[in-house]
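[1] Provide a 3D model corresponding to the input given below.
(4 chains)
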There are 2 protein chains.
Amino acid sequence: MAKISVKLDLNENLFQKDPQETDLGRNIVRHSILLIDELGFEKFNFKKLAERIKSTEASIYRYFENKHNLLIYLLNWYWEWMKVRIDFNTININDPIQKLDLTINIIVDTANRNTTIDFVDEDILHRIVVAEGTKAYHTKSVDKDNQDGFFLSYKSLCKKVADIVLEINPHFPYPRTLASNLIEMGNNNQYFAEHLPRLTDIQYSKGNISEQAIELLKYFAYGAIYANHSKIKQKNGQMKFKPHS
Amino acid sequence: MAKISVKLDLNENLFQKDPQETDLGRNIVRHSILLIDELGFEKFNFKKLAERIKSTEASIYRYFENKHNLLIYLLNWYWEWMKVRIDFNTININDPIQKLDLTINIIVDTANRNTTIDFVDEDILHRIVVAEGTKAYHTKSVDKDNQDGFFLSYKSLCKKVADIVLEINPHFPYPRTLASNLIEMGNNNQYFAEHLPRLTDIQYSKGNISEQAIELLKYFAYGAIYANHSKIKQKNGQMKFKPHS
DNA sequence: CAGTTTTGATAGCTTTACTATTAAAAACAA
DNA sequence: TTGTTTTTAATAGTAAAGCTATCAAAACTG
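    Below is the predicted model:
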């Protein structure tokens, strides 16, 4: 497998000093991924990370203002990487259905990659995205973080997926919702399969988790995209009721 | 509006001492809701809560082991309350489609309630569920918490919704996923509309957020439930491709 | 009114999340 | 190669968070 050197463009507000530029920076990124995965984001801190990489807290603070920004940096990295992979994989494909199928594959996991990046373990980063991803924007600082462009990558990723959906059905009324939901649903159902199995229909006993997740996302995606709403309205027609008023 | 005294049955592992039983306990619950809403869960702590209710940290620790358990307590309260409302509202309804529509109304918001509970502000609690809900299970202690029954209410709520879905279409292959996804999607899209509008198709400019969320959830729910998969497979048929292998 | 339980007041301890200072090391330039 | 700048390490210190322990006062219970 080719080892392509990838340097993704990430929003400069996310760091104090670009961690992709120095050994220490790349070390911080590499080991923060491992350590967040080990400890969970709440128990993770810069002191423990410093010990692990035999550096100091103060040095890490020169790269990232705090651990929240580091998490968002990692997520941005992943979202950018997803976009690259979608572009790369769909470059010669015209059929939008094929494009969406491919995109769903990329949403679900990082398997079958055609490159590796030396200082990022993408499988572990994917676990972080699944387990800790929503913490990026579920904070009181969302609006400020959003203004600082912390979610630009996520939004443009969703836009990309939404545009593929619109290629399939230009009249589909909820492209953004479908896009963000495919991503969140994919993450949730993989997490649920492992930790809260009653909340998903994906089951270890049925075989490969990723494959089931892909089938599931396709089912919901095409169910929505091709939804026959005149038929649904007809089926639901008789009862023009007012809910609990 | 009737003021019905409701005491929900909540898992006893969630607290050290039942907060529904004492004035201080009810005060802790009431003001923790207000304070978490104000500060966000990260900045919220027992010391600040103690100041607010003119009590002490130590006293609060006698009710809840830590703030994480308090959050889960509040969420369980809300999930139980949703179940009560679903039961109450669908009690004389036989049409499962009508039941699901009602359920979607209840998922989206707490409007048009027929009761109020004195020590819980449900509108604010709903905001907490939307903004902080996923933090309940995105921790390293999920599996332990799950064993302690911290998510029983959520799971049985999903089961209830899934059963309604199966009433409509007994062959639907993803009832649990649809159930949990309707809840998470409802929460996400309301949150996105407010904070990250590019991630949803709900827009303030289009009018009432809740109504749009209800329409959206119905669209996706019935799209999935009535998905014509032979037709979809036919449309997608020609390309039996292997994604990026 | 005696006994039990609950609460409040106070203290203290460890960890987290930083900031500041200074010196050593590394990088780089003339 | 030496001098200069940048980067890192080492150390110290602070305020807040997240607890635990003790004891006395208050409140409720029989």
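[2] and the pLDDT for the nearest residue to A:N69 once chain neighbours are set aside?
    Of all residues not flanking A:N69 in the chain, A:L14 sits nearest, at 5.9 Å (C-beta to C-beta, 6 or more residues apart in numbering or on different chains). Where you see a C-beta, it was placed from the backbone N, CA and C, and this is true even at glycine. pLDDT, A:L14: 95.
[3] equivalent analysis for A:K235, please.
    Value for A:K235, per-residue pLDDT: 61.
[4] residues from chain A in reach of DNA strand C?
    With the criterion set to C-beta under 7 Å from any atom of the strand, chain A comes near DNA strand C through A:K43, A:N45, A:F46, A:K47, A:K48, A:E57, A:A58, A:Y61, A:E65, A:N66, A:K67, A:H68.
[5] and for the nearest residue to A:N45 once chain neighbours are set aside, the neighbour number?
    Spatial nearest neighbour of A:N45, chain neighbours left out: A:K67 (6.3 Å); criterion: C-beta to C-beta, 6+ apart. Residue crowding around A:K67 was assessed by other C-beta atoms under 10 Å in any protein chain shown; the count is 17.
[6] distance of A:K67 from A:P197?
    A:K67 sits 30 Å away from A:P197, taking C-beta to C-beta, to the nearest Å as the criterion.
[7] in chain A, which ranges drop under the pLDDT threshold?
    A:1-6, A:110-116, A:230-245 (pLDDT under 70).
[8] all the helices of chain A, in order from the start?
    Secondary structure of chain A (DSSP state H): helices at A:23-39, A:46-52, A:57-61, A:67-90, A:96-108, A:122-132, A:142-147, A:152-168, A:175-195, A:209-225, A:229-235.
[9] how far does the fifth one sit from the chain's center?
    A distance of 14 Å separates the centroid of the chain from that of helix A:96-108, by C-alpha atoms, centre = their mean, to the nearest Å.
[10] and for the third one?
    If you compare the mean C-alpha spot of helix A:57-61 with that of the full chain, they lie 27 Å apart, counting by C-alpha atoms, centre = their mean.
[11] which residues touch it?
    A:Q16, A:L24, A:I28, A:F46, A:K47, A:L49, A:A50 (C-beta atoms under 8 Å, 6 or more residues apart in numbering or on different chains).
[12] switch those residues over to TSV; also include neighbour count and distance to B:S32.
    Converted to TSV, these look like this (neighbours: other C-beta atoms under 10 Å in any protein chain shown; distance: C-beta to C-beta, whole Å):
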residue	neighbour count	distance to B:S32
A:Q16	13	35
A:L24	16	42
A:I28	27	36
A:F46	21	29
A:K47	11	30
A:L49	23	32
A:A50	18	34
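[13] tell me which two of these sit farthest apart.
    A:Q16 and A:K47 (17.8 Å; C-beta to C-beta).
[14] could you give the number of residues near A:E57?
    13.
[15] how much space between it and A:Y191?
    31 Å.
[16] A:L24 reaches A:S55, doesn't it?
    Yes: applying C-beta atoms under 8 Å, one finds A:L24 in contact with A:S55, separated by 6.4 Å.
[17] residues of chain A that sit close to DNA strand D?
    Checking chain A against DNA strand D by C-beta under 7 Å from any atom of the strand, the hits are A:K17, A:T22, A:D23, A:L24, A:G25, A:K54, A:S55, A:T56, A:E57, A:A58, A:S59, A:R62.
[18] how far away is the third one from A:N76?
    So that's A:D23. 21 Å.
[19] which of those two has more residues huddled nearby?
    Each of A:D23 and A:N76 has its neighbours counted (other C-beta under 10 Å); A:N76 has more, 23 against 8.
[20] got the contact list for that one?
    A:L10, A:N11, A:L14, A:F150, A:L152, A:S153, A:Y154.
[21] and for the fifth one, the neighbour number?
    Which is A:L152. By other C-beta under 10 Å, neighbour count at A:L152 equals 17.
[22] in space, what's closest to it - neighbours in sequence excluded?
    Using C-beta to C-beta, 6+ apart, the nearest residue to A:L152 is A:N11, at 6.1 Å.
[23] please report phi then psi for the one you found.
    phi -50, psi 130 (degrees, to the nearest 10).
[24] pretty sure it is touching A:F150, no?
    Yes: the pair A:N11 / A:F150 is scored as a contact, 6.7 Å apart, by C-beta under 8 Å.
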